[in-house]
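Visitor: Predicted model, plus sequence, below.
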Amino acid sequence: MERNTFLKLFSLLLASPIFVQAKDLIKMEKLSNWAGNLVYGTDKVSYPEQLAEIQKIIRKQPKLKALGTRHCFNTIADSQHFLLAMQNRDKVLNLDKQAKTVRVEGGIKYGTLAPYLEERGFALANLASLPHISVVGGCITATHGSGMENGNLATAVSELEMVTADGELVRLSRSKDEAFYGAVVSLGALGVVTEITLDLKPSFQVKQFVFEHLPFEQLYPNFDAIMGAAYSVSLFTDLQSDQVNEVWIKTLAKGGKDFAGMSAFFGGKAATRNLHPIADLSAENCSEQMGVPGPWFDRLPHFRMGFTPSSGKELQSEYFVPHHHAVEAIRAVKKLSAKIGPHLFISEIRSIKGDELWMSPCYRQDSIAIHFTWKQEVEAVQGLLPMIEKELEPFGVRPHWGKLFTISPEKLKASYPKWEDFKNLVATYDPSGKFRNDFLEKYLFGS
């Protein structure tokens, strides 16, 4: 073989995905998010397993973002440069039975962690609708749980460890560090979270009941009584009639109100079979209903781990308003029902207890969330969001950080009292902007 030909072939080998993966643990591949509406901006993806690998990559790369289970619907975790996928960092590191805490790696999913805890007699206080999401991803975006006395997922965090822009480890604790309150809901701006510690409680059983066709005229004057009727209550509505389609009630099997034998709930009729929130879809994917008791992790989510959640091919947006504005906010959204209806699968309304986390949509306010599961009609949905946001603006609306919204950076800044403190925290841990991407530049830095 001629020397020039050999060198050319060798150069091609060096540039090939196989060689790059073996050399630098990098795969050359284009990833998309879970719903398929977003293709990430780089094909350079690393899947580290060891902490030292993460530190090496962060020191080497001038710009990068960490990826969890890719359940965000916007570009908050996107990068045009480099992606660090955490899915191989999914181990339980320590269960402290006396302190009632668990320490886990940064890529573990709730659906993996929850059965582990249940086998050992422990539980998390709250879960999201989907068990498929990563623990860290859910926390750093302040993803919802549900219940008037339950905070969002991030409120379970008591400690975290992250690798900052210089490749060094930083550990922050709720009991010791003021910066902790800014670092939990970090939006991925401070560093790569490699370990997280969560508060636990003793395992508990839950019964789930569903009631159909609850009249809005009953919901409005009885909103607090309905939402506070059990450990967690969700309202599902297509906004197209004068009735809430379904009310999902998750009540404690021990010590909670038992809805068995109740034929009606504030005018809603007891379901006679398991239902899916989206009427046309099979309930096979959903957690068990009809008052059958089961462990917390198999009832608090709406969907089962082994199945495709929700509709699969969809878009999502979610807005938080103070709880005391709940009825006004629902009425305001319902005024848009004719425009929303053709593009909506279902809307869910739930309640969340306030917290002290700087960038949480529930910072120092008990909130309700109005969630929209949209058909994957990007242009139509993008046109509807400003209308919805305008209706909710008088109530101090805050969006879910990982879902679709169009609220301006200026309005976002005005709604978060600790905004400047958070920016200062970002400057402390990432002075060169290594973890900044287009999303953060636009919404956090206004550039």
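Guide: That came through, no problem. Numbering: from 1, shown residues only.
Visitor: Domain-wise, how is the protein divided?
Guide: 3-85, 92-202, 205-404 (automatic domain parsing).
Visitor: mean confidence score for the shortest one?
Guide: Yep, that's domain 3-85 we're talking about. Here domain 3-85 scores 78 as its mean pLDDT.
Visitor: so how far is stretch 117-131 from its chain's centroid?
Guide: Distance, stretch centre to chain centre, for stretch 117-131: 15 Å (C-alpha atoms, centre = their mean, to the nearest Å).
Visitor: So which residues of the stretch 51-200 of the chain form strands?
Guide: 65-67, 83-85, 92-96, 101-105, 122-123, 157-163, 169-173, 192-199 (DSSP state E, counting those that start in this stretch).
Visitor: contacts for the longest one?
Guide: To tie it back to what came earlier, the one meant is strand 192-199. With C-beta atoms under 8 Å, 6 or more residues apart in numbering as the test, strand 192-199 has contacts from 51, 54, 58, 66, 84, 86, 89, 93, 100-106, 124-125, 135-136, 139-140, 156-163, 169, 186, 435. Heads up, the C-betas are built off the backbone N, CA and C, glycines and all.
Visitor: residue ranges of the helices in the chain, please?
Guide: 3-15, 17-24, 51-60, 110-119, 135-140, 180-183, 216-219, 223-227, 326-334, 337-340, 378-392, 409-415, 419-429, 438-443 (DSSP state H).
Visitor: which stretch in the ones you listed is the model least sure about?
Guide: helix 17-24 (a mean of 38).
Visitor: Could you report the neighbour count for the nearest residue to K44 once chain neighbours are set aside?
Guide: Spatial nearest neighbour of K44, chain neighbours left out: F82 (4.9 Å); criterion: C-beta to C-beta, 6 or more residues apart in numbering. A count of nearby residues for F82, using other C-beta atoms under 10 Å, gives 20.
Visitor: Quick check on F82: phi, psi?
Guide: phi -160, psi 140 (degrees, to the nearest 10).
Visitor: ok, now which ones touch it?
Guide: Here F82 is in contact with T42, K44, V45, S46, I57, Q61, K63, L64, K65 (C-beta under 8 Å, 6+ apart).
Visitor: Now, of these, which are buried?
Guide: T42, K44, V45, S46, I57, Q61, L64, K65 (16 or more other C-beta atoms under 10 Å).
Visitor: Quick check: beta-bridge partners of the last one?
Guide: On DSSP bridges, the residues paired with K65 through beta bridges are L83.
Visitor: One more: the second one?
Guide: Each beta-bridge partner of K44 is listed here, defined by DSSP bridges: M28.
Visitor: okay but it is in contact with H81, surely?
Guide: Yes. Assessed by C-beta atoms under 8 Å, K44 is found in contact with H81 at 7.3 Å.
Visitor: Report how many residues lie close to T112.
Guide: 18.
Visitor: make that E377, sorry
Guide: By other C-beta under 10 Å, the residues close to E377 number 15.
Visitor: Enumerate every residue touching M387.
Guide: L336, K339.
Visitor: Give me the distance between the residue nearest to K44 and I57.
Guide: 8 Å (C-beta to C-beta, to the nearest Å).
Visitor: Repeat that for I196.
Guide: Counting by C-beta to C-beta, the gap from I196 to I57 is 19 Å.
Visitor: could the contacts of F82 go into a markdown table alongside distance to D430?
Guide: Converted to a markdown table, the contacts of F82 look like this (distance: C-beta to C-beta, whole Å):
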| residue | distance to D430 |
| --- | --- |
| T42 | 19 |
| K44 | 20 |
| V45 | 21 |
| S46 | 19 |
| I57 | 15 |
| Q61 | 13 |
| K63 | 11 |
| L64 | 11 |
| K65 | 12 |
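Visitor: List just the nearest of those residues to F439.
Guide: For these, the residue nearest F439 by C-beta to C-beta is K65; the value is 9.2 Å.
Visitor: hang on, the earlier thing: now that we have the domains of the chain, can you turn them into TSV and tack on distance to G446?
Guide: Shown next, in TSV, are the domains of the chain (distance: least, C-beta to C-beta, whole Å):
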stretch	distance to G446
domain 3-85	16
domain 92-202	14
domain 205-404	16
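Visitor: Between the ones you listed, which one is closest to L425.
Guide: That would be domain 92-202 among the domains of the chain, by C-beta to C-beta, at 4.5 Å.
Visitor: Counting neighbours, which bits of stretch 42-58 end up buried?
Guide: The neighbour-count check on stretch 42-58 (16+ other C-beta under 10 Å) flags 42, 44-48, 51, 53-58 as buried.
Visitor: on that earlier part again, quick one, which of the helices of the chain is nearest to G267?
Guide: Of all the helices of the chain, helix 216-219 comes closest under C-beta to C-beta, at 4.3 Å.
Visitor: R174: how many residues sit nearby?
Guide: Count around R174 with other C-beta under 10 Å applied: 16.
Visitor: Make sure A270 is actually in contact with M262.
Guide: Yes. Between A270 and M262 there is a contact under C-beta under 8 Å: 6.1 Å.
Visitor: Now do the contacts for the residue lying closest to K30 once chain neighbours are set aside.
Guide: Excluding the flanking residues, the one nearest K30 by C-beta to C-beta, 6+ apart is D43, at 5.0 Å. Neighbour list for D43: M28, E29, K30 [criterion: C-beta under 8 Å, 6+ apart].
Visitor: The first one and K44 touch, don't they?
Guide: Pointing back at M28 there. Yes. With contact defined as C-beta under 8 Å, M28 counts as touching K44 (6.6 Å).
Visitor: measure the spatially most central residue of the chain to G267 for me?
Guide: In the chain, the C-alpha nearest the mean C-alpha coordinate belongs to T143, at 3.4 Å (C-alpha atoms, centre = their mean). According to C-beta to C-beta, T143 stands 31 Å off from G267.
Visitor: What of K44?
Guide: From K44 to G267 the distance is 56 Å (C-beta to C-beta).
Visitor: Tell me who's in contact with D90.
Guide: D90 touches E105, G107, I108, K109, T112, counting by C-beta under 8 Å, 6+ apart.
Visitor: Repeat that for C72.
Guide: By C-beta under 8 Å, 6+ apart, the neighbours of C72 are N33, L38, G137, T141, G402, K403.
Visitor: Fine by me, thanks again.
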